[in-house]
Structure formats: C-alpha cells, structure tokens
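In: got a sequence here, can you build the structure:
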Amino acid sequence: MPQPIAAKTLAMITAALLLGACTVAPPPDKQSAAAQKADEHHELRDAINDPINKAKAANDANIQRNQDDNKAIEDAGG
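Out: The predicted structure is shown next:
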C-alpha cells in the first residue's frame, strides 16, 4: 500500500533535521583532547596556507587593474 505524500515528506524533513544536527561542532571546551590538540598545533597548516593567501592577495591588484583597463577601453569606444 503506497504511503501518503505527507508521511513521506515528514520522514524526509525529520531525516534532514537529524543530519543537520550532526554537523554542529561542539564548543571548544566540550571537544575531545585530540581535537583541542589539533587546534593548538596549526604551524604546519599556517606555513602551507600563508604563501597561498599572500599570492591570492597579490593577484587581487592584477584583477582590479584588468577590470579598470577593460572599463577604460569600453569608455573609449573600443
């Protein structure tokens, strides 16, 4: 016997809410010791990400300059 649409919808909403609740991280004081230790030791992560972030920030000026050049060309009628 087929289930009514309302029952299926209710089941899907309940499942979505349960899955959504699972992704919430606990506050730092409630984390396990291993998770707290991983948060403390971030030197390697920062050593990898800092040059990448610096390169992205340097590229922002190039992107802005290209946009300004394109706008100047359009304003000049080209």
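In: what's the single longest helix in the chain?
Out: Longest helix in the chain, counting residues (DSSP state H): helix 43-75.
In: pLDDT weak spots in the chain?
Out: For the chain, the stretches flagged by pLDDT under 70 are 1-3, 20-28, 78.
In: how about 50 then?
Out: 1 (pLDDT under 50).
In: got the phi and psi for residue 32?
Out: Dihedral pair for residue 32: phi -70, psi 160, per degrees, to the nearest 10.
In: contacting residues around it?
Out: For residue 32, the contact set (C-beta atoms under 8 Å, 6 or more residues apart in numbering) is empty. In this view, the C-beta of every residue, glycine as well, is placed from N, C-alpha and C.
In: could you check how far it is from residue 15?
Out: Using C-beta to C-beta, to the nearest Å, residue 32 is found at 27 Å from residue 15.
In: what helix or strand is residue 14 on?
Out: helix 5-22 (DSSP states H and E).
In: now that helix, how far from the centre of its chain.
Out: 24 Å (C-alpha atoms, centre = their mean, to the nearest Å).
In: likewise stretch 47-63?
Out: Centre to centre, stretch against its chain (C-alpha atoms, centre = their mean), the figure for stretch 47-63 is 17 Å.
In: list the buried residues for that stretch?
Out: For stretch 47-63, a neighbour-count test (16 or more other C-beta atoms under 10 Å) marks nothing as buried.
In: got the CA positions of that stretch in CSV?
Out: Taking Å, rounded to 0.1, in the frame of the first residue of the first chain, the C-alpha atoms of stretch 47-63 are listed here in CSV:
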residue,chain,number,x,y,z
ALA,A,47,53.1,27.5,6.8
ILE,A,48,51.3,26.0,3.9
ASN,A,49,48.4,28.4,3.7
ASP,A,50,50.2,31.7,4.3
PRO,A,51,52.0,31.8,0.9
ILE,A,52,48.9,30.8,-0.9
ASN,A,53,46.9,33.6,0.8
LYS,A,54,49.7,36.1,0.1
ALA,A,55,49.6,35.1,-3.6
LYS,A,56,45.9,35.5,-3.8
ALA,A,57,46.0,38.9,-2.2
ALA,A,58,48.8,40.0,-4.7
ASN,A,59,46.7,38.8,-7.6
ASP,A,60,43.7,40.9,-6.4
ALA,A,61,45.5,44.0,-7.6
ASN,A,62,46.1,42.5,-11.0
ILE,A,63,42.4,41.6,-11.3
